[in-house]
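Asks: structure, please.
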Amino acid sequence: MKNIDKTLSPAWSRPLPRLAPPPSAAFARRLGDGLLPWLLPLGLVLLWWVASHRHWMSAQVLPTPELVWQSARELLAGELWSELAISLRRLAWGLLAGVASGAALGAWLGFSPRAERLVFPTFSALAQIPTLAWIPLFMLFFGIGELLKLVVLVKAVVVPVTIHTLVGVRDAQPKLREAAAVLRLPPRLLVWRLILPAALPAFLTGLRLALAQGWTSLLAVELLASSEGIGYLMVQGRQLFMLDIVFVCILIIGLVGVGMDRAIQWLDRRLLHWPQAATGEFRRRPPGRGWQRLQVWLPPLALLLLWQSASSAEWVDPAILASPLEVARATWSGALDGSLPGALFDSLKRTLGGLLLGGGLGFLGGLLLGLWRPAERFFGPTFAALRQVAIFAWVPLLTAWFGLGEPAKLTFVAIAAFFPLLLATQRGIASLPPSLGEAARVLRLGPWRRLLRLVLPGAAPSVFAGLRLALIYAWLGTIGAEYFMPSDGGIGSLMIGAQQLFRMDLIGAGMLLVGLTGALLNALGQRIEARATRWRHA
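Replies: Predicted structure coming up:
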């Protein structure tokens, strides 16, 4: 019957057989696809060569590619390897201590509902204060030696590892736990056969974040206070106006970032060789009742009491340990005289300006890369490579090109906010189901209506998740810009100035403001995301 229908159907309704393209055309297409990702970096190198040889910028600010290549050869034959080895050794020790501490703490909190209820709220509140905000305090406590780098690295690493290990251990599928109880598995087998495999995916996610945050934090502290390491080499090149050294260091930092990302991907593939459930059942732990709700306040009250006792008894030099009462007085007096609100307002202006510039460009770039395949092939690899360069590696270059004023700070914050929205928008569009495209063709929607009615609503959850991340990154970028680029206002500049004057009370007030502002920005991002995507829960 099917053969009869095919015979009687008109010829124009039958699909014509597709002819295979000639070998030369297929080869040309493959060659074009292979060359397309290289066009942008080659074009940038060509532009760099023309700009440096025609002296569009001073030779001290924009060295020629030949000079950078010569400096790279000299550094590779000399001090570069030793400085890089110092930084990598610091990173390894910080990762070892931070990952071990975070895994142990996260496993304990995940196993024990009581420990999670008592300890995790205090841990989460302290984690709201970014690593950058702790650096002035750590510099007063530990000096500028190796201990400072280790403490900063541990602080940067322990937070993501703890949180993701906690989630992995706590959210192991209840049915697997019930099966283990029925089989009466001993504790050793329970941990080895159930808890570790269930928590490993979340732990590896935390490890990837910890590696990125640790590398970025190490570069920040080496730029601020170090006499060795790859960050110090960049500072030395910037101070001597030898920007060729800065270019080489940025390239090396990017290559190290790519190598670490590939290593984590390889580890992920090797360790996670079993199929993962699409959705695991999750039973939320019941909230505390009565006295249990008050127990949450015991750890922070105990810490405050210990802090006040240590300050009153002068267990630590009073010059480097202000009491909680002194910090409260400094916060109150700063609020009354307008110094703290003014500094916070200046910082928030920079955050908003950088977010609008960098986040807007990231959103538009993500739309372009997600909607047009050639653009993704053309820009995507270059953006992926630039994303591996730790954000603080750009500081010496930006200060040489834009000075220490507002343009340099705005550019730095914009770079921090650019990549989260670019990546989130592109991935949100790429993950749209094919049925939306079929619906657009059936409804005969034009490109503009298709974008407004289908693409943007479908990608909205990913876009707003990227916006929330860009908010936090812009705020952290603002604090970093004010650390490295002195200015007349800003909470970061206020904290660095207080550190130089040994004003521990003012540093504490600044840390409090930074943590509260970061928490409020995160809550604002969640609120915007919930309101913009409320149709998903209708």
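Asks: ok now the helix or strand harbouring Ser462, how far from the chain's centre?
Replies: Using DSSP states H and E, the element containing Ser462 is helix 456-484. Mean-position distance between helix 456-484 and its chain equals 9 Å (CA atoms, centre = their mean, to the nearest Å).
Asks: toward the C-terminus, what is the element adjacent to that helix?
Replies: Following helix 456-484 in sequence, per DSSP H and E, is helix 491-500.
Asks: output the contacting helices and strands for that following helix.
Replies: On a contact count with 3 or more CB pairs under 8 Å, 6 or more residues apart in numbering; DSSP states H and E, helix 491-500 meets helix 131-142, helix 339-354, helix 456-484, helix 504-532. Every C-beta, even on glycine, is put in place using the N, C-alpha and C of the backbone.
Asks: of the ones you listed, flag the one that's most buried.
Replies: helix 456-484 (a mean of 23; mean count of other CB atoms under 10 Å).
Asks: so what's Ile253 up against?
Replies: Leu219, Ile230, Val389, Ala390, Ala393 (CB atoms under 8 Å, 6 or more residues apart in numbering).
Asks: and the angle for the helix holding Ser462 with helix 339-354?
Replies: Helix 456-484 runs at 130 degrees relative to helix 339-354, counting by axes from the mean of the first three to the mean of the last three CA atoms, to 10 degrees.
Asks: turn the helices and strands packed on helix 491-500 into a markdown table, including distance to Ala210 and mean pLDDT.
Replies: Putting the helices and strands packed on helix 491-500 into a markdown table (distance: least, CB to CB, whole Å; pLDDT from 0 to 100) gives the following:
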| stretch | distance to Ala210 | mean pLDDT |
| --- | --- | --- |
| helix 131-142 | 11 | 83 |
| helix 339-354 | 25 | 90 |
| helix 456-484 | 16 | 84 |
| helix 504-532 | 19 | 81 |
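Asks: outline the domain layout of the protein.
Replies: As assigned by automatic domain parsing, the chain contains the domains 63-274+291-296, 338-538.
Asks: what's the farthest-apart pair in the contacts of Ile253?
Replies: Farthest-apart pair in the contacts of Ile253 is Ile230 and Val389; separation 12.1 Å (CB to CB).
Asks: and these two? Which one has more around it.
Replies: Set side by side, Ile230 and Val389 show more neighbours around Ile230, with 25 against 21, by other CB atoms under 10 Å.
Asks: identify the residues contacting that one.
Replies: Glu83, Leu84, Ile86, Ser87, Leu219, Glu222, Cys249, Ile252, Ile253.
Asks: rewinding a little: of the contacts of Ile253, just say which sits nearest to Leu46.
Replies: Nearest to Leu46 among these is Val389, at 20.8 Å by CB to CB.
Asks: can you classify that closest one by secondary structure?
Replies: Classification of Val389 using DSSP: H, G, I helix; E, B strand; the rest coil returns coil.
Asks: tell me the confidence at the closest residue to it other than its chain neighbours?
Replies: Nearest residue to Val389, sequence neighbours excluded (CB to CB, 6 or more residues apart in numbering): Gly254, at 4.2 Å. Model confidence at Gly254, expressed as pLDDT, equals 86.
Asks: element containing Gly254?
Replies: Going by DSSP H and E, Gly254 is in helix 243-271.
Asks: quick check, distance from that helix to the centre of its chain.
Replies: On CA atoms, centre = their mean, the centre of helix 243-271 falls 15 Å from the chain's centre.
Asks: ok so, going back, would TSV of the contacts of Ile253 with distance to Val161 and pLDDT be doable?
Replies: Shown next, in TSV, are the contacts of Ile253 (distance: CB to CB, whole Å; pLDDT from 0 to 100):
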residue	distance to Val161	pLDDT
Leu219	20	88
Ile230	24	88
Val389	23	83
Ala390	19	81
Ala393	24	83
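Asks: I'd like those laid out as a markdown table, including distance to Gly206.
Replies: Below are those laid out as a markdown table (distance: CB to CB, whole Å):
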| residue | distance to Gly206 |
| --- | --- |
| Leu219 | 21 |
| Ile230 | 25 |
| Val389 | 22 |
| Ala390 | 19 |
| Ala393 | 23 |
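Asks: closest to Ile415 among the residues you listed?
Replies: Val389 (9.6 Å).
Asks: report the contact partners of the closest one.
Replies: Counting by CB under 8 Å, 6+ apart, Val389 touches Ile250, Ile253, Gly254, Gly257.
Asks: if we can go back for a sec, tell me which of the helices and strands packed on helix 491-500 lies nearest to Pro201.
Replies: Judging the helices and strands packed on helix 491-500 by CB to CB, what sits closest to Pro201 is helix 456-484, at 19.1 Å.
Asks: Trp93 and Leu147 touch, don't they?
Replies: No. Using CB atoms under 8 Å, Trp93 is not in contact with Leu147, being 10.9 Å away.
Asks: looking at these two, which is more packed in?
Replies: Applying other CB under 10 Å to Trp93 and Leu147 shows that Trp93 carries more neighbours, namely 15 against 12.
Asks: does that one count as helix, strand or coil?
Replies: Going by three-state DSSP: Trp93 is helix.
Asks: okay, it: pLDDT?
Replies: 93.
Asks: for it, which non-adjacent residue is spatially closest?
Replies: Leu150 (6.1 Å).
Asks: which ones are touching the one you found?
Replies: Arg90, Trp93, Gly94, Ala97.
Asks: between whichever helix or strand it is part of and helix 131-142, how many degrees?
Replies: Assigned by DSSP H and E, Leu150 belongs to helix 146-170. Going by the same axes, to 10 degrees, helix 146-170 is angled at 130 degrees with respect to helix 131-142.
Asks: buried sites along helix 146-170?
Replies: By neighbour count on 16 or more other CB atoms under 10 Å, the buried set for helix 146-170 is 148-170.
Asks: which of the contacts of Leu150 are buried?
Replies: Neighbour counting over the contacts of Leu150 (16+ other CB under 10 Å) leaves Arg90, Gly94, Ala97 as the buried ones.
Asks: and Leu196, how many neighbours?
Replies: Leu196: 15 neighbours (other CB under 10 Å).
Asks: kindly apply the preceding question to Ala302 instead.
Replies: Ala302 has 11 nearby residues by other CB under 10 Å.
Asks: what helices or strands is the host helix or strand of it leaning on?
Replies: Using DSSP H and E, Ala302 falls within helix 298-312. With contacts taken as 3+ CB pairs under 8 Å, 6+ apart, helix 298-312 sits against helix 113-127, helix 324-337.
Asks: okay if I get those as JSON lines plus distance to Leu36, mean pLDDT and mean neighbour count?
Replies: Shown next, in JSON lines, are the helices and strands packed on helix 298-312 (distance: least, CB to CB, whole Å; pLDDT from 0 to 100; neighbours: other CB atoms under 10 Å):
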{"stretch": "helix 113-127", "distance to Leu36": "42", "mean pLDDT": "82", "mean neighbour count": "16"}
{"stretch": "helix 324-337", "distance to Leu36": "55", "mean pLDDT": "87", "mean neighbour count": "16"}
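Asks: right, so of those, which gets closest to Asp268?
Replies: Nearest of the helices and strands packed on helix 298-312 (CB to CB): helix 113-127, 24.3 Å.
Asks: quick one: contacts for Asp346?
Replies: Counting by CB under 8 Å, 6+ apart, Asp346 has contacts Ser487, Gly489, Gly490, Ile491.
Asks: give the contact list for the nearest residue to Ile391 once chain neighbours are set aside.
Replies: Leaving aside its chain neighbours, Ile391 sits nearest to Ala416 (5.6 Å; criterion: CB to CB, 6+ apart). Residues near Ala416 by CB under 8 Å, 6+ apart: Gly354, Gly358, Ile391, Tyr473, Ala474, Leu476, Gly477, Gly480.
Asks: and the two most separated of those?
Replies: Gly358 and Gly480 (13.9 Å).
Asks: turn the helices and strands packed on helix 298-312 into a markdown table, columns for distance to Gln308.
Replies: Listed next are the helices and strands packed on helix 298-312 as a markdown table, based on distance: least, CB to CB, whole Å:
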| stretch | distance to Gln308 |
| --- | --- |
| helix 113-127 | 16 |
| helix 324-337 | 5 |
